[in-house]
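*Asks:* The sequence and its predicted three-dimensional model are supplied below.
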Amino acid sequence: MPNADLLPSLLFKINQNQLALEAAIMELTLRVEQRGSGEVGDNIRGALVTISKNEEFINMTLAVLMTPE
C-alpha cells in the first residue's frame, strides 16, 4: 500500500479519536456542572463548539479522500 493511500485511513482514525475525546470531555463537563461549576462547564462547552464546527468539514474531506479515482 503506497504511503499516499494511508493518509485517508490516518485522518479517519484521528477523527475517531477526536470524537471519542469530545464525548469523554462532555461527560466530565456534565459532572462538573452537577457539582455547581457552571462557569467552568460553559468554558468547556465553548471549546467543544470548535470541534463540532470542524467535524462537518473533516467528514467531507475524508469522503473526498476515500473516494476512488
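*Replies:* Everything's here; your move.

*Asks:* Can you verify my assumption that Ile58 contacts Asn15?
*Replies:* Yes. Between Ile58 and Asn15 there is a contact at 5.2 Å, judged by C-beta atoms under 8 Å. Yep, even glycine has a C-beta here, placed from its N, CA and C like the rest.

*Asks:* now for the helix or strand hosting Ile14, which elements pack on it?
*Replies:* Counting by DSSP states H and E, the element that carries Ile14 is helix 3-34. On a contact count with 3 or more C-beta pairs under 8 Å, 6 or more residues apart in numbering; DSSP states H and E, helix 3-34 meets helix 38-66.

*Asks:* could you give the mean pLDDT of the helix it packs on?
*Replies:* Averaging pLDDT along helix 38-66 yields 87.

*Asks:* Mind giving me the packing neighbours of it?
*Replies:* Against helix 38-66 (3+ C-beta pairs under 8 Å, 6+ apart) you get helix 3-34.

*Asks:* Would you mark the buried spots in the helix it packs on?
*Replies:* Across helix 3-34, burial judged by 16 or more other C-beta atoms under 10 Å covers 8, 15, 22, 29, 32-33.

*Asks:* go on, stretch 34-43?
*Replies:* Applying 16+ other C-beta under 10 Å to stretch 34-43 flags Gly41 as buried.

*Asks:* For the closest residue to Leu11 other than its chain neighbours, which residues are in contact?
*Replies:* Distance criterion C-beta to C-beta, 6 or more residues apart in numbering; nearest residue to Leu11, sequence neighbours excluded, is Leu62 at 5.8 Å. Contact analysis of Leu62 by C-beta atoms under 8 Å, 6 or more residues apart in numbering lists 8, 11-12, 15.

*Asks:* now these in a markdown table, with distance to Thr50 and pLDDT?
*Replies:* Shown next, in a markdown table, are those (distance: C-beta to C-beta, whole Å; pLDDT from 0 to 100):
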| residue | distance to Thr50 | pLDDT |
| --- | --- | --- |
| Pro8 | 23 | 81 |
| Leu11 | 18 | 85 |
| Phe12 | 20 | 85 |
| Asn15 | 14 | 87 |
